[in-house]
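Novice: return atomic coordinates for the entry below.
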Amino acid sequence: MINRYAFKVWYRDFLVWTRYWWTSLVGGLGEPVLYFLGMGYGLGSFIKNIDGMPYLQFLAPALIASTIMHSASFETTYSSYTRMEIQKTFHSIAVTPVNVSEVVAGEILWGATKSLLSALFVGKASLIHGVQFAWLVLLTILIFRWSVRRMVRRLVT
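Specialist: So this is what the prediction gives:
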């Protein structure tokens, strides 16, 4: 079971994000949207169909997967470094009853949450542009949630 202190670390990161969510969305979604426009419409105008589906339909799942990986890796590397060295957040957490594994678990949970939010926004943008997804996307989200829980549970216990 995930410790409540890991959720406190996650909640702290969430509160900070709600204060600066707009800049996070612009930076985190700017690159996928540019890829979506440049590769989806620009390159897609030269490539008509791939295995009977439009190029944009073929490209959208890859952009969502790329967004998930980029968002999670950025959040757990550069953003954690910023919290550690520049903001000194981890120094403040060190005087509380939270131990290192709970901080790491909270950071992993926040990285997973942030990547899921980014994927949902890119998926919504894909739907707006006419991309149709199979119902297996929901299964993928559930598997993602399950794997993150197992990883954090293994880390904390």
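
Novice: and stretch 57-75, what's buried?
Specialist: 57-61, 63-64, 67-68, 71-72, 74-75 (16 or more other CB atoms under 10 Å). Using the backbone N, CA and C atoms, a C-beta is placed for each residue, glycine as well.

Novice: so Ile86 versus Ser80, what's the distance?
Specialist: 11 Å (CB to CB, to the nearest Å).

Novice: higher neighbour count, those two?
Specialist: Neighbour count, other CB atoms under 10 Å: between Ile86 and Ser80, Ser80 has more, with 20 against 8.

Novice: ok, so of the buried residues of stretch 57-75, who is nearest Gly40?
Specialist: Each of the buried residues of stretch 57-75 was scored against Gly40 by CB to CB, and Leu59 proved nearest at 5.3 Å.

Novice: so after the helix or strand hosting that closest one, what's the next helix or strand?
Specialist: According to DSSP states H and E, Leu59 maps onto helix 55-74. As assigned by DSSP H and E, the chain's next helix or strand after helix 55-74 is helix 80-81.

Novice: so which residue is dead centre in this structure?
Specialist: Note on the chain: the residue nearest the mean C-alpha position is Ser115, at 0.6 Å, using CA atoms, centre = their mean.

Novice: pull the contacting residues for Glu107.
Specialist: Val9, Asp13, Thr76, Ser80 (CB atoms under 8 Å, 6 or more residues apart in numbering).

Novice: give me the pLDDT for it.
Specialist: pLDDT, Glu107: 90.

Novice: next: Gly111.
Specialist: 90.

Novice: try Val156
Specialist: 59.

Novice: one more: Thr67?
Specialist: Reading off the model, Thr67 has pLDDT 86.

Novice: what residues of the helix ranked longest in the chain count as buried?
Specialist: Counting residues, the longest helix in the chain under DSSP state H turns out to be helix 100-128. Buried residues in helix 100-128, counted by 16+ other CB under 10 Å: 102-119, 121-123, 125-126.

Novice: one more: stretch 127-147?
Specialist: If you call a residue buried by 16+ other CB under 10 Å, then stretch 127-147 has these buried ones: Val131, Thr140.

Novice: what about it, start to end distance?
Specialist: Across stretch 127-147, the terminal residues are separated by 26 Å (CA to CA, to the nearest Å).
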